[in-house]
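> task: produce atomic coordinates for the following.
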Amino acid sequence: MAALNDLGGLKSNLFKARTPKTASKNEVLNDTLSKKLQLEHETDEEYKKSEKEAHEKRMKKFRAYAKQIEENDWVYTPMEKLIGLK
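Next up is the predicted model:
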């Protein structure tokens, strides 16, 4: 019988409403600072990533432009010849 009474006490302890633990002021400040630093880090990483992508896009465009100029170079008279250096 004593074991049944212990179970009743265990059951009531299991289903009791728990009081939320209140965080100390330092814990709240540390959590806020941690989240702020994490957000700043993620923002910096995304900025660097977007800058790198924009740079790669510009370089690809410049390479295509240089290739187009090189392919069409034969059409034009060289500048040196026009000014009399060749």
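
> and the helices in this structure, which stretches?
2-14, 25-71, 79-82 (DSSP state H).

> can you put those in JSON lines and add mean neighbour count?
C-beta here means a position set from N, CA and C on the backbone, and glycine is covered the same way. JSON lines is the format used below for these (neighbours: other CB atoms under 10 Å):
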{"stretch": "helix 2-14", "mean neighbour count": "9"}
{"stretch": "helix 25-71", "mean neighbour count": "10"}
{"stretch": "helix 79-82", "mean neighbour count": "9"}
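
> and the ones you listed, which one's lowest on average pLDDT?
Of all those, mean pLDDT reaches its minimum on helix 2-14 (a mean of 57).

> show me what contacts the residue nearest the centre of the chain?
With distances taken as CA atoms, centre = their mean, the residue of the chain nearest its centroid is residue 46 (3.7 Å). By CB atoms under 8 Å, 6 or more residues apart in numbering, the contact list for residue 46 is empty.

> how near is it to residue 53?
10 Å (CB to CB, to the nearest Å).

> now residue 73
31 Å.

> one more: residue 27?
The spacing between residue 27 and residue 53, counted by CB to CB, is 39 Å.

> likewise for residue 29?
Distance of residue 29 to residue 53, given as CB to CB: 36 Å.

> ok, now residue 63?
Residue 63 is 16 Å from residue 53, by CB to CB.

> ok, residue 45 next?
13 Å.

> now do residue 84
From residue 84 to residue 53 the distance is 46 Å (CB to CB).

> same check, this time on residue 60
Taking CB to CB as the measure, residue 60 falls 11 Å from residue 53.

> now residue 32
Distance, residue 32 to residue 53, using CB to CB: 32 Å.

> same question for residue 41.
Using CB to CB, residue 41 is found at 19 Å from residue 53.

> ok, now residue 68?
23 Å.

> and what of residue 44?
Going from residue 44 to residue 53 by CB to CB gives 15 Å.

> could you do residue 25 as well?
Note on residue 25: its distance to residue 53, by CB to CB, is 42 Å.

> thanks a lot, catch you later.
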